[in-house]
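In: Pasting the sequence and the predicted model now:
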Amino acid sequence: MQWTTAKFLIDLSRPQVMGIVNITPDSFSDGGQHTCTAQALKHCEALLKDGADILDIGGESTRPGALPLPLEEELARVLPVVREAVRLGVPVSVDTYKPQVMQAVLDIGADIINDIWALRWTEPGASAASASLNAMQVVAQHPRCGVCLMHMYREPLTMQVAPMAGDVVPQVLSFLEYLAQALQGLGVEKSRIVIDPGIGFGKTVPQNFSLLARQSELLGAGYPLLVGWSRKSSLAAVAATSLATVATLDVHERMVPSVAAALLAVERGAAIVRVHDVRETVQALRVLGAIR
């Protein structure tokens with residue numbers, strides 16, 4: 001199986017590691033560390049040295065409670081980094097939900113659009129049908145860029161205030177199937193699409209782990225699966241030695257459970273894992289590969 005992107009055919013016969021490049025001052029894990037272009041590019045190069053297959057560049061934090069970022073500010077953060085990153089010889093993904101940012105980064109050579117809103121975001125005051133179509137059209141009008149459609153319940157500001165109810169697996173599956181089919185209806189080849197269940201995006205701790213335990217049901221949709229467990233608070237909730245330490249388990253102390261979750265996801269069929277700790281994840285996946 002391959003993932004078709006703007007300039008690459010990504011081989012999914014082995015798990016792909018997507019390295020996270022947050023050029024934000026307020027991301028939950030590494031906000032403020034790579035806010036200038038030079039720092040971000042240095043981080044890109046370090047991730048590639050550690051074994052990343054794909055770079056995922058994002059200019060807006062989507063942590064729980066995050067406020068939306070103005071369009072012009074996101075463009076100012078993202079475009080200089082993407083212009084340089086596309087010269088590094090690997091697929092470059094951009095984590096954005098704004099159609100204008102999608103178009104701008106594709107125009108300068110980005111390979112993949114990674115959208116937490118699954119191309120559904122609408123500008124405040126705009127009609128839902130018009131804005132949603134615009135986002136889909138940006139991807140559909142490109143001859144071959146890759147796209148990741150993610151499930152999110154509500155939006156970042158409120159998603160953990162009132163998370164989903166009930167059995168999340170069929171809800172996530174039907175949502176992603178619907179959006180993927182809608183995109184194909186606009187002429188996008190199925191080989192360009194991967195899906196992401198959206199760990200931590202409007203879901204409780206048990207619901208997140210249900211998505212991992214029953215990941216085979218998500219694979220039934222017939223699309224490659226991208227998962228992002230890296231440093232998520234659900235891992236802190238189960239890895240902390242006591243309830244008293246859950247809230248204080250620093251994000252950088254979540255590396256071991258993050259690698260474990262990535263390994264379990266791949267073992268259960270995930271094709272791509274989106275991670276902060278690239279070197280450690282690559283090492284763990286090599287161990288898994290050795291027994292395969």
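Out: Perfect, thanks for sending it. Numbering: from 1, shown residues only.
In: what ranges do the helices span in this protein?
Out: Using DSSP state H, the helices assigned to the chain run over residues 37-50, 71-85, 99-107, 128-141, 168-185, 205-213, 215-219, 233-239, 243-246, 255-267, 278-291.
In: would a markdown table of these with mean pLDDT, distance to residue 227 and mean neighbour count be doable?
Out: In this view, the C-beta of every residue, glycine as well, is placed from N, C-alpha and C. What follows is the helices of the chain, written out as a markdown table (pLDDT from 0 to 100; distance: least, CB to CB, whole Å; neighbours: other CB atoms under 10 Å):
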| stretch | mean pLDDT | distance to residue 227 | mean neighbour count |
| --- | --- | --- | --- |
| helix 37-50 | 95 | 18 | 17 |
| helix 71-85 | 96 | 23 | 19 |
| helix 99-107 | 97 | 22 | 21 |
| helix 128-141 | 77 | 21 | 17 |
| helix 168-185 | 98 | 12 | 18 |
| helix 205-213 | 97 | 8 | 18 |
| helix 215-219 | 97 | 8 | 17 |
| helix 233-239 | 88 | 12 | 19 |
| helix 243-246 | 53 | 22 | 11 |
| helix 255-267 | 96 | 5 | 20 |
| helix 278-291 | 97 | 12 | 15 |
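In: These into JSON lines, with extra columns for distance to residue 2?
Out: Listed next are the helices of the chain as JSON lines, based on distance: least, CB to CB, whole Å:
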{"stretch": "helix 37-50", "distance to residue 2": "21"}
{"stretch": "helix 71-85", "distance to residue 2": "22"}
{"stretch": "helix 99-107", "distance to residue 2": "20"}
{"stretch": "helix 128-141", "distance to residue 2": "18"}
{"stretch": "helix 168-185", "distance to residue 2": "17"}
{"stretch": "helix 205-213", "distance to residue 2": "25"}
{"stretch": "helix 215-219", "distance to residue 2": "16"}
{"stretch": "helix 233-239", "distance to residue 2": "30"}
{"stretch": "helix 243-246", "distance to residue 2": "40"}
{"stretch": "helix 255-267", "distance to residue 2": "17"}
{"stretch": "helix 278-291", "distance to residue 2": "18"}
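In: Please name whichever of those helices is nearest to residue 25.
Out: helix 71-85 (9.4 Å; CB to CB).
In: Alpha carbons of that closest one, as PDB, please.
Out: Output of helix 71-85 as PDB, limited to C-alpha atoms (Å, rounded to 0.1, in the frame of the first residue of the first chain):
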ATOM      1  CA  LEU A  71      -5.000  33.700   9.400                       C
ATOM      2  CA  GLU A  72      -2.200  36.200   8.800                       C
ATOM      3  CA  GLU A  73      -0.300  35.200  11.900                       C
ATOM      4  CA  GLU A  74      -0.500  31.500  10.900                       C
ATOM      5  CA  LEU A  75       0.800  32.300   7.400                       C
ATOM      6  CA  ALA A  76       3.600  34.300   8.800                       C
ATOM      7  CA  ARG A  77       4.700  31.400  11.000                       C
ATOM      8  CA  VAL A  78       4.300  28.600   8.600                       C
ATOM      9  CA  LEU A  79       5.300  29.800   5.100                       C
ATOM     10  CA  PRO A  80       9.000  30.600   5.800                       C
ATOM     11  CA  VAL A  81       9.500  27.100   7.400                       C
ATOM     12  CA  VAL A  82       7.700  25.200   4.700                       C
ATOM     13  CA  ARG A  83       9.700  27.000   1.900                       C
ATOM     14  CA  GLU A  84      12.900  25.700   3.400                       C
ATOM     15  CA  ALA A  85      11.600  22.300   4.700                       C
END
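In: Let me see the residues that make contact with it.
Out: 21, 23-24, 35, 37, 40-41, 44, 55, 57-60, 92, 94, 96, 98, 100-101, 104-105, 108-110 (CB atoms under 8 Å, 6 or more residues apart in numbering).
In: hmm, back to that, tell me which of the helices of the chain sits nearest to residue 147.
Out: Closest among these, using CB to CB: helix 128-141, at 5.1 Å.
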